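Asker: below is the sequence, then the predicted model.
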Amino acid sequence: MSASRDIDALIDMMARLPGLGPRSARRAVLHMIRKKELLLTPLADLMHHVAVNVRECERCGNIGSDRLCDICTSEKRSTGEICVVEDVADLWAMERTAVFRGRYHVLGGTLSALDAVGPEELRIPKLMARVAEEGIREVILALNATVDGQTTAHYIADQLEGQVRLTSLAQGVPIGGELDYLDDGTISAALRARKDI
């Protein structure tokens, strides 16, 4: 394969990444080639290392370098609470807040009749097993406020009804949000979830 074909193949591969189209991928690849020693070679080494060493946590579905991730093995984490999220990016978003100190369960997506994604294609059976085996007292459903996310939340709630305390994230007006710019669904959810001052 010639160098030109290799570069084209790299650009095509980079263009498959979320947020990068063909033009952005081309710019990124050309920049890395110009800074080969500073960027391209270290990036290639790190990508190889990650490809060889990183795997999914057997318990929660997070990613790490061991059989169990750092969150699952941490003794500082509460063992009675599980926060259920759709994917690892959602787990990382929750962790950035540094507020939740329990453990997580990554579903790997949401239920979708159109895409033929049922409970068995997700990590829902593993969640049910964890609740039974780990003495879980509360399951926090932190799923996206989409139709599929809410369908998945209702399914899980039905499966766990009467076994544990079930909660979900509050929905409504974001901090800094102006009512005039919010959609009707967000305003309705905020009004229904109002609290005493």
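Answerer: On my side now, so go ahead.

Asker: CA only for contacts and neighbour counts going forward, please
Answerer: Fine.

Asker: quick one, strands of the protein?
Answerer: Using DSSP state E, the strands of the chain run over 55-56, 63-64, 81-85, 103-106, 138-141, 165-168.

Asker: closest one to residue 192 among the ones you listed?
Answerer: Closest approach to residue 192 among the strands of the chain (Cα to Cα): strand 165-168, 13.9 Å.

Asker: ok, residues contacting the closest one?
Answerer: 137-142, 157, 160 (Cα atoms under 8 Å, 6 or more residues apart in numbering).

Asker: buried set for stretch 104-113?
Answerer: For stretch 104-113, burial by neighbour count (16 or more other Cα atoms under 10 Å) applies to 104-111.

Asker: in a markdown table, list the residues you listed along with pLDDT and distance to residue 63.
Answerer: Converted to a markdown table, the buried residues of stretch 104-113 look like this (pLDDT from 0 to 100; distance: Cα to Cα, whole Å):
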| residue | pLDDT | distance to residue 63 |
| --- | --- | --- |
| 104 | 97 | 12 |
| 105 | 98 | 11 |
| 106 | 98 | 10 |
| 107 | 97 | 13 |
| 108 | 96 | 12 |
| 109 | 95 | 15 |
| 110 | 95 | 18 |
| 111 | 94 | 22 |
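
Asker: next, format the strands of the chain as a markdown table and append distance to residue 32.
Answerer: Shown next, in a markdown table, are those (distance: least, Cα to Cα, whole Å):
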| stretch | distance to residue 32 |
| --- | --- |
| strand 55-56 | 27 |
| strand 63-64 | 27 |
| strand 81-85 | 34 |
| strand 103-106 | 34 |
| strand 138-141 | 41 |
| strand 165-168 | 43 |
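
Asker: got a list of what residue 157 touches?
Answerer: Contacts of residue 157 (Cα under 8 Å, 6+ apart): residue 166.

Asker: and the gap between residue 152 and residue 142?
Answerer: 11 Å (Cα to Cα, to the nearest Å).
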